[in-house]
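**Student:** next comes the sequence, and after it the predicted model I'd like to discuss.
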Amino acid sequence: MSIYTFSARTISGEEKSLSDYKGKVVLVVNTASKCGFTPQYKELQKLYETYHAQGFEVLGFPCDQFANQEFESNEEIQHFCKLNYGVTFPLFSKVDVKGENAHPLFKYLTANAPGFLSKEIKWNFTKFLVNKQGEVVKRYSPTTKPEKLQKEIEKLLAE
């Protein structure tokens, strides 16, 4: 099984198969617009710009499960990300990343890359690095700055 098994609704409402990212290194991030970690959007965008041409994708999944730190509508989220952080990497519709109604992608990610003490995602900006075969390589905590992933991204891109 891999992330290619799943699909998700883009922020503009279209269903997108994650198999469209076959052969690419992917960073999946659960995001929020009103969080202390929100400035990571800028760093994620920089990673995207640096490595996109080499086959790297950042996929942002807004989530409102942690202290109501996300806007109500996808339009507000998209506008905020573009205006404040220049985000051009793919954003998806708001999802649950934990609990009974968690998106199947996040059930898969957390099952294959458990966190410290539990599988459950504990906060916004948890990151999952996925190799070119769609397999989860590593999970990073919200406090891990995106630039700290560069060496691992470069290694996966070279494979």
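**Tutor:** Yes, it's here.
**Student:** where do the strands of this structure begin and end?
**Tutor:** Using DSSP state E, the strands of the chain run over 7-9, 15-17, 25-31, 56-62, 127-130, 136-140.
**Student:** would you list those strands in CSV and tack on mean pLDDT and mean neighbour count?
**Tutor:** (Each C-beta comes from the backbone N, C-alpha and C, glycine too.) Compiled in CSV, those are given as follows (pLDDT from 0 to 100; neighbours: other C-beta atoms under 10 Å):
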stretch, mean pLDDT, mean neighbour count
strand 7-9, 97, 17
strand 15-17, 97, 13
strand 25-31, 97, 25
strand 56-62, 97, 23
strand 127-130, 97, 23
strand 136-140, 95, 18
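**Student:** now distance to Leu109 too, for these, in JSON lines please.
**Tutor:** Shown next, in JSON lines, are the strands of the chain (distance: least, C-beta to C-beta, whole Å):
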{"stretch": "strand 7-9", "distance to Leu109": "12"}
{"stretch": "strand 15-17", "distance to Leu109": "16"}
{"stretch": "strand 25-31", "distance to Leu109": "6"}
{"stretch": "strand 56-62", "distance to Leu109": "10"}
{"stretch": "strand 127-130", "distance to Leu109": "5"}
{"stretch": "strand 136-140", "distance to Leu109": "6"}
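**Student:** looking at those, which is nearest to Leu105?
**Tutor:** strand 7-9 (6.2 Å; C-beta to C-beta).
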